[in-house]
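# how would this look folded up:
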Amino acid sequence: MMNLSHNTSSFANFFRQLGKHRAMVLAMAGRDLQSRYAGTLGGTLWAFAHPIAIVGVFYFVFAVGFKAQGPADTPFILWFIGGLVPWFFFNDTLLAITHSVTSNAHLVKKTVFPTEVLPFVHILSGLFPHAIFLAVLGILMVAMNVPFMPERLMVAYYLICTITLLLGLGWLLSALQVFYRDIAQAIAILLNIVFWATPIVWSAQILPASYQSLLVYNPVFYLAEGYRTSLVSPQPTLPNMVQTLYFWGMAMGMLLTGMHVFRRLKPEFADVM
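I've put the predicted structure just below:
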């Protein structure tokens, strides 16, 4: 059974390590970001091309091909991208985090290196393409005369929600990946299932009312709807209290579990690798 006080101490130690090694963490995040585009002629321009191409394909298939419509008063393209923005950040970062320990074996074998910060490195590097995707959405909002309201800054809250969930999952999966190398392959498949099970390219309203309540158990739904409500909704609203309680219950449970598993398995990382 997890020791709550011990986990609290571990969290405090994690933030101390982040502060102590912040220059190294930032440098590693920068190198991770550069490695994505190293050797390419376009360089970081690919960071813009990727989201634009993905949006173009999905828009053509669903808006043009299937005549999909967004909720009343919200253009489909804005509604769709509003849900896609947090998904790309969550999906791409989680896949990268899963390999964060195994891909840094040279650092893990150094007893003085704080391996707990490795998942956070990928979260930091993932913020750059996330910001670009938000910028693309912002340009579309201006083009479609979506008014700015102070309430739209609530998107920062949902970003914190996403980072919290990613950190907990990252600690858990990166630790297990050291011992079970099939974890990464399984996660890639699972994420594809989660994408289509989450109302990102389809509306939750098409589900029978009795099934819509089940979406509260999907934390990604909370994030996607939160970004949409904050950024593209004609009138941003506060998050639903019941959904918020469910989300934070799952997120904090995952954070505690991830930290506990990582802390227990950490002493064996160097031997296995």
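
# pLDDT below threshold where in the stretch 51-200 of the chain?
63, 66-70, 72-73, 111 (pLDDT under 70).

# Could I get the full set of helices for it?
Assigned by DSSP state H, counting those that start in this stretch, the stretch 51-200 of the chain shows helices spanning 76-98, 105-108, 118-143, 155-179, 183-197.

# Turn those into a markdown table, columns for distance to Ser203 and mean neighbour count.
From N, CA and C alone the C-beta is placed, and that goes for glycine too. Listed next are the helices of the stretch 51-200 of the chain as a markdown table, based on distance: least, C-beta to C-beta, whole Å; neighbours: other C-beta atoms under 10 Å:
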| stretch | distance to Ser203 | mean neighbour count |
| --- | --- | --- |
| helix 76-98 | 8 | 22 |
| helix 105-108 | 44 | 14 |
| helix 118-143 | 18 | 19 |
| helix 155-179 | 19 | 21 |
| helix 183-197 | 14 | 13 |
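
# Figure out which of those is closest to His260.
Among the helices of the stretch 51-200 of the chain, the nearest to His260 by C-beta to C-beta is helix 155-179 (8.7 Å).

# Which strands and helices lie in contact with the closest one?
Judged by 3 or more C-beta pairs under 8 Å, 6 or more residues apart in numbering; DSSP states H and E, helix 155-179 is in contact with helix 76-98, helix 118-143, helix 183-197, helix 219-231, helix 241-265, helix 269-272.

# Specify the angle between the fourth one and helix 241-265 in degrees.
Angle between the axes of helix 219-231 and helix 241-265 is 130 degrees (criterion: axes from the mean of the first three to the mean of the last three C-alpha atoms, to 10 degrees).

# Output the helices and strands packed on helix 155-179 as TSV; include the columns distance to Met154.
Below are the helices and strands packed on helix 155-179 laid out as TSV (distance: least, C-beta to C-beta, whole Å):
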stretch	distance to Met154
helix 76-98	13
helix 118-143	14
helix 183-197	24
helix 219-231	5
helix 241-265	12
helix 269-272	39
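
# quick one: Met252 and Ala209, what's the gap?
29 Å (C-beta to C-beta, to the nearest Å).

# the more surrounded of these two?
More neighbours surround Met252 than the other of Met252 and Ala209, with 13 against 7 (other C-beta atoms under 10 Å).

# Contacts only, for the more buried one.
By C-beta atoms under 8 Å, 6 or more residues apart in numbering, Met252 lies in contact with 164, 168.

# Redo the helices of the stretch 51-200 of the chain as JSON lines? Include distance to Asn240.
Listed next are the helices of the stretch 51-200 of the chain as JSON lines, based on distance: least, C-beta to C-beta, whole Å:
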{"stretch": "helix 76-98", "distance to Asn240": "16"}
{"stretch": "helix 105-108", "distance to Asn240": "41"}
{"stretch": "helix 118-143", "distance to Asn240": "22"}
{"stretch": "helix 155-179", "distance to Asn240": "13"}
{"stretch": "helix 183-197", "distance to Asn240": "19"}
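
# can you tell which of these is closest to Leu238?
Closest approach to Leu238 among these (C-beta to C-beta): helix 155-179, 9.7 Å.

# Next, find the distance separating the closest residue to Asp32 other than its chain neighbours from Thr93.
Using C-beta to C-beta, 6 or more residues apart in numbering and skipping residues adjacent in sequence, the residue nearest Asp32 is Ser125, 4.2 Å away. Counting by C-beta to C-beta, the gap from Ser125 to Thr93 is 8 Å.

# With Val64 instead?
Distance of Val64 to Thr93, computed by C-beta to C-beta: 30 Å.
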